[in-house]
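**Student:** 3D model of this:
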Amino acid sequence: MDGIIFDIKRFAVHDGPGIRTTVFFKGCPLQCQWCHNPESIDPKPVCVPKTVQFNGHRFTENEQVGYTITPRQLLAELQKEQVFMEESGGGVTFSGGEPLLQSPFLQKMLKLCQNHGMHTAVDTSLLASWKTVQQTAQSTDLFLLDLKLMDDQKHRAYTGVSNQLIMSNMQKLARLQKAYNVRIPIIPGVSNTPENIEASIAFLQKLHHPPRAVDLLPFHNTARSKYIRFQLENPFKDQASLKKEALLEVRNQFEKAGFTVSIRA
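**Tutor:** Residues are numbered from 1 along each chain as shown. Next comes the predicted model:
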């Protein structure tokens, strides 16, 4: 029942309501070409060289990315910030990578968190069996659902997988009337097109239970150094980060369709 994670981000404010602690799971079935956490894709812990400078000298050593942790160990880490969660209306968010890839560990953690009075959120692409999604929903207070591209052919080209299971699961999850936000990455020349925005709005309008909010995620190139460090191809290495102002028209389109919209950092 142990899990493999690669980071714990404390005092997070963009991964659900209030002040949160975000746990990043290792492993992802998608390979999005614009991924901001490329170190999350490989499900196993890996060692990568890290170079530091000190007093004019360069030192290179291996650093492990990802480690095994037990449910009780992780709970103890989460409880360190519980007072801030409670005072701010926050909680714990499980992200990745794809947390549903480690569903037994995830479900154990969700139950532990709820039993200890912590609000739970799961940031997921929904690329998993419906049974796994249903089981996860039983102990999840809020879902943060990724909706990357509406066109299946483009989705395959840019993420390596079809979007059919993702969209089917989102439709089913909406019928459970669980609280959820939809997160849409705005990638220049990919998802930031009139066709994709219009198709996204039309799809969300047809869901049985609407999302609490639509979160627009502007592309940023802060992960460029990670691609270099992990010796990974970066198709968007020359793409400049988007400023919030570039998403105002997209936000207006979703608001006109009746959605509550935020532009995330």
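**Student:** Could I get the average pLDDT for the host helix or strand of V214?
**Tutor:** Assigned by DSSP states H and E, V214 falls within strand 213-218. Across strand 213-218, pLDDT averages out at 97.
**Student:** mind checking how far A223 is from G258?
**Tutor:** 33 Å (CB to CB, to the nearest Å). In this view, the C-beta of every residue, glycine as well, is placed from N, C-alpha and C.
**Student:** Those two: who's more crowded?
**Tutor:** The neighbour comparison of A223 against G258 (other CB atoms under 10 Å) goes to A223, with 20 against 10.
**Student:** Once you drop chain neighbours, what's closest to K178?
**Tutor:** A137 (5.4 Å; CB to CB, 6 or more residues apart in numbering).
**Student:** Check whether that neighbour really touches L173, as I assumed.
**Tutor:** Yes: between A137 and L173 there is a contact under CB atoms under 8 Å: 6.8 Å.
**Student:** Just checking: what are the partner strands of the lowest-mean-pLDDT helix or strand in the chain?
**Tutor:** Of the helices and strands making up the chain, the lowest-confidence element is strand 46-54, at a mean of 77, by mean pLDDT, DSSP states H and E. Sheet pairing of strand 46-54 (DSSP bridges) gives strand 57-65 (antiparallel).
**Student:** what is the mean pLDDT for the strand it pairs with?
**Tutor:** 82.
**Student:** buried sites along it?
**Tutor:** V65 (16 or more other CB atoms under 10 Å).
**Student:** Report all helices and strands that the following helix or strand past it contacts.
**Tutor:** Once the chain leaves strand 57-65, the next helix or strand it forms, by DSSP H and E, is strand 67-69. Where contact means 3 or more CB pairs under 8 Å, 6 or more residues apart in numbering; DSSP states H and E, strand 67-69 is packed against strand 3-12.
**Student:** between the very next helix or strand once past the strand it packs on and strand 3-12, how many degrees?
**Tutor:** Per DSSP H and E, the first helix or strand lying C-terminal to strand 3-12 is strand 20-25. Put simply, strand 20-25 runs at 160 degrees to strand 3-12, going by axes from the mean of the first three to the mean of the last three CA atoms, to 10 degrees.
**Student:** Can I get strand 20-25 in CSV? Just the C-alpha atoms.
**Tutor:** Extracted as CSV, the C-alpha positions of strand 20-25 are listed here (Å, rounded to 0.1, in the frame of the first residue of the first chain):
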residue,chain,number,x,y,z
ARG,A,20,-3.4,23.5,0.9
THR,A,21,-0.6,20.9,0.9
THR,A,22,-0.2,19.4,-2.5
VAL,A,23,1.3,15.9,-2.9
PHE,A,24,2.8,15.0,-6.3
PHE,A,25,2.5,11.4,-7.2
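**Student:** neighbouring contacts of that strand?
**Tutor:** Contact with strand 20-25 is made by 3-13, 15, 37, 40, 74, 77-78, 81, 85, 90-99, 101-102, 106, 109, 121, 123, as judged by CB atoms under 8 Å, 6 or more residues apart in numbering.
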